[in-house]
Structures are given as structure tokens and as C-alpha cells.
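J.: okay, sequence plus prediction incoming.
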Amino acid sequence: MLLQLLRLIGKANGAATQASLARQLGVSEGLVGPMIDDLVRLGYLTEAEPGCGQGACSGCSLSGSCPARPQARLWALTAKGRSALRQAAAPSPQ
């Protein structure tokens with residue numbers, strides 16, 4: 001389930017609420033927070049600063065209606081997280 005969560009966060013460019021992630025995963029919001037904390041602790045995600053300073057959000061699909069507020073938590077995939085998603089998407093050797 002951590003890989004599914006990593007995929008969802010990557011697809012949303014880090015701009016997804018815990019409520020929406022929980023809905024998509026079919027779990028409670030209370031479970032999503034610790035799962036994200038685990039991904040951060042394991043080095044797959046890093047917490048990003050909210051805001052669109054210096055064009056950081058120019059490629060974001062939510063830039064026109066950004067949910068990022070000072071109290072919002074946003075995440076970014078680390079190199080390790082991007083690598084894990086690439087490996088998961090690669091066809092397995094037969």
C-alpha cells in the first residue's frame with residue numbers, strides 16, 4: 001500500500017490532501033498520515049514548502065486553484081522515490 005500511496009502523491013505532484021489520498025486508497029485519513037511519515041522517514045518523500053514561489057508550481061495542474069496554505073503539508077518525491085516508481089513500473093524479467 002505504501003507504493004500505491006507513493007504513486008498517488010507522484011501523480012498529484014505532491015498536492016493532494018490526506019482526505020483525497022485516503023479515499024483513493026480506501027483507508028481512513030488517520031492511516032494515511034503515518035504512512036506518509038514512513039515514506040518520509042524511509043527517504044522516498046520529502047516535505048516541500050507550500051507556495052508557488054519562483055515558478056515552482058508552473059507545471060502543477062492545480063496552480064490555478066492551489067490548496068496549499070501555510071498549514072498545508074505538501075510532499076515531493078525524492079530521487080529514491082522516483083527510482084522506486086520506475087522499478088515498480090518496469091516489466092519483470094521472465
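T.: It's in.
J.: from the contact counts, what lies against the lowest-mean-pLDDT helix or strand in the chain?
T.: For the chain, scoring each helix and strand by mean pLDDT, DSSP states H and E identifies strand 74-77 as the least confident one, at a mean of 84. Applying 3 or more CB pairs under 8 Å, 6 or more residues apart in numbering; DSSP states H and E, we find strand 74-77 packed against helix 2-11, helix 29-41, strand 45-48. (C-beta placed from N, C-alpha, C; glycine too.)
J.: in its sheet, what does that strand sit against?
T.: Strand 74-77 sits in its sheet next to strand 45-48 (antiparallel), going by DSSP bridges.
J.: just the buried residues of the strand it pairs with, please?
T.: Under the neighbour-count criterion of 16 or more other CB atoms under 10 Å, strand 45-48 has Leu45, Ala48 buried.
J.: thinking again about what came up before, mean pLDDT for the helices and strands packed on strand 74-77: which is lowest?
T.: Least confidently modelled of the helices and strands packed on strand 74-77 is strand 45-48, at a mean of 86 by mean pLDDT.
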